[in-house]
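**Q** Mind looking at a prediction? Sequence and model below.
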Amino acid sequence: MDDRRLEIIIGNLLRAGVLAAAALVIAGGIAFLAAHHGDHISFHNFVLSGSSLRTVQGIVASAVHLNSEGLMQLGLLLLIATPVARVIMAVFGFSLERDWMYVAVSLIVLAVLLASLTRAA
Amino acid sequence: MTATSFTLVVGVIAALAGFLGALTGLGGGVVIVPALTLALGVDMRYAIGASLVSVIATSSGAAAAYVREGYSNIRIGMFLEIATTIGAVVGAFLAGRFSTHVLAIIFGLVLLQAAYQTVFKGSLENVTPVESDALGRRLRMGGTYPLDGKMQEYGVRNVPAGFGLMFGAGALSGLLGIGSGAVKVIAMDRAMHIPFKVSTTTSNFMIGVTAAASAGVYLSRGYIDPRVAMPVMLGVLLGAFLGSKVLVHAPVRVLRIVFAVVIVALAIEMIVNGIVGRI
């Protein structure tokens, strides 16, 4: 295991996550447009949406019920998770290299990330 | 506007933004926000939410392609992410407390200066390989990257200055929902003397992690509406994919000019919005 291999693994992991997220968003998007293609939509004014699209539990629940907006939002949630996964992979990768300085660096980044994400949720 | 035409128009704009974002390491956000708000009248908060999504899509989507070419440096990226993520948290915290007009104007001026330097100062690409300074060596940040068919060594200098700039980049990202790739590239290319292509690709790699640090806040505030974010994400992914294909074959000179043009546009956008009080 060296940096180069580690970077390739992380790069492929990121792409897999993004493709899975895109697949969910496309599925939700097709369902949304099939049901609402002729509807007039406007985003001129900000209207706070219900909690079903703003919390992890709400998003998962509405996606499970095959709600089209819930499916899209679950895909976006997966997308947001890809950089977090990348940092977790880096922790393991640097451990395998026995590069403890960069294990510590990656753990600090992960801690900041999780602190801000869990505080928001 | 019907749902179908809105999706198509936003998708095309996002594809262009993703292309430019991947090419320059800026991320798509700086183009997405003005396009959605000025051209389509979308509320700033939805635009910023979709922008943050596009920023993560650009970063994660293009990473694999960059890594394969051997440009990005994971140690530099990870170390500096300490600064960008903490900065993003502080920026999100300060967003409700400080006037962003003033910040936007100051930042626009800083970016204009950077664009000037990018165009009028010679490329660092062709100078002899730089040795790392003491701290850069201790952090083992130096590396190699492909240049003219060979692996070219490079060193890393001025880590504290780069770290400080990265904190600013993170704070701006948390404040405005952009990836602030421009500042990241400046920190590495200008302050730390890292080769330009290594800087842009490592910046692209870092942008997603920085954006993720403020994504949870945006989600819980309802800024991320899937009906806006869906065409933005898919468009940006397509554009970023195409951009990553071009990057590897693009000459540094062209990259710098593209970078400078985008930075000037971004600077004017920020200054004008700051003066009229829209940011």
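**A** Perfect, I can see it now. The model shown is predicted, which means the values in this text are computed figures rather than measured ones. Residues are numbered from 1 along each chain as shown, chains lettered A, B, ... in the order given.

**Q** how about the strands of the stretch 1-150 of chain B, start to end?
**A** Under the criterion DSSP state E, counting those that start in this stretch, the stretch 1-150 of chain B contains strands at B:143-147, B:150-154.

**Q** For chain A, which of those strands is the nearest?
**A** Ranking these by proximity to chain A (Cβ to the nearest Cβ) places strand B:143-147 first, at 7.9 Å. Backbone N, C-alpha and C define where each C-beta goes, glycine included.

**Q** And the contacts of the closest one?
**A** A:3, B:69-71, B:73, B:75-76, B:125, B:151-154, B:195, B:197-198 (Cβ atoms under 8 Å, 6 or more residues apart in numbering or on different chains).

**Q** just the buried members of those residues?
**A** When the contacts of strand B:143-147 are checked for burial by 16 or more other Cβ atoms under 10 Å in any protein chain shown, the buried set is A:3, B:70-71, B:73, B:75-76, B:125, B:154, B:195, B:197-198.

**Q** Now render those residues as JSON lines, adding pLDDT and distance to residue B:173.
**A** Below are the buried ones among the contacts of strand B:143-147 laid out as JSON lines (pLDDT from 0 to 100; distance: Cβ to Cβ, whole Å):
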{"residue": "A:3", "pLDDT": "67", "distance to residue B:173": "26"}
{"residue": "B:70", "pLDDT": "71", "distance to residue B:173": "27"}
{"residue": "B:71", "pLDDT": "80", "distance to residue B:173": "22"}
{"residue": "B:73", "pLDDT": "88", "distance to residue B:173": "20"}
{"residue": "B:75", "pLDDT": "92", "distance to residue B:173": "21"}
{"residue": "B:76", "pLDDT": "94", "distance to residue B:173": "18"}
{"residue": "B:125", "pLDDT": "51", "distance to residue B:173": "27"}
{"residue": "B:154", "pLDDT": "90", "distance to residue B:173": "26"}
{"residue": "B:195", "pLDDT": "87", "distance to residue B:173": "24"}
{"residue": "B:197", "pLDDT": "81", "distance to residue B:173": "22"}
{"residue": "B:198", "pLDDT": "87", "distance to residue B:173": "21"}
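
**Q** Tell me the one of the residues you listed nearest residue B:218?
**A** Residue B:218 lies nearest to residue B:76 out of the buried ones among the contacts of strand B:143-147, by Cβ to Cβ, at 27.0 Å.

**Q** Leaving out chain neighbours, which residue sits closest to the closest one?
**A** residue B:141 (5.1 Å; Cβ to Cβ, 6 or more residues apart in numbering or on different chains).

**Q** One more: residue A:25?
**A** residue A:75 (3.6 Å).

**Q** mind listing what the residue in chain A sticking out farthest from the centre touches?
**A** For chain A, the C-alpha farthest from the mean C-alpha position belongs to residue A:38; by Cα atoms, centre = their mean, that distance is 29.7 Å. Listed by Cβ under 8 Å, 6+ apart, the contact partners of residue A:38 are B:2-4.

**Q** Nearest the geometric middle of chain B, what residue?
**A** What sits nearest the mean C-alpha location of chain B, by Cα atoms, centre = their mean, is residue B:181, with 1.8 Å.

**Q** what about that one, distance to chain A?
**A** Shown here: residue B:181 relative to chain A, a distance of 14 Å by Cβ to the nearest Cβ, to the nearest Å.

**Q** do the same with residue B:51
**A** 13 Å.

**Q** That residue is in contact with residue B:32, isn't it?
**A** Yes. Here residue B:51 lies in contact with residue B:32, judged by Cβ atoms under 8 Å, at a distance of 4.5 Å.

**Q** quick one: pLDDT of the residue farthest from the centre of chain A?
**A** According to the prediction, residue A:38 has pLDDT 87.

**Q** Spit out the contact partners of residue B:155.
**A** Residue B:155 neighbours (Cβ under 8 Å, 6+ apart): B:129-133, B:136-137, B:142, B:193.

**Q** Next, give phi and psi for it.
**A** Main-chain dihedrals, residue B:155, degrees, to the nearest 10: phi -110, psi 170.

**Q** Could you find the closest non-adjacent residue to it?
**A** Nearest residue to residue B:155 in three dimensions, chain neighbours excluded: residue B:132, at 3.6 Å (Cβ to Cβ, 6+ apart).

**Q** All set now, cheers.
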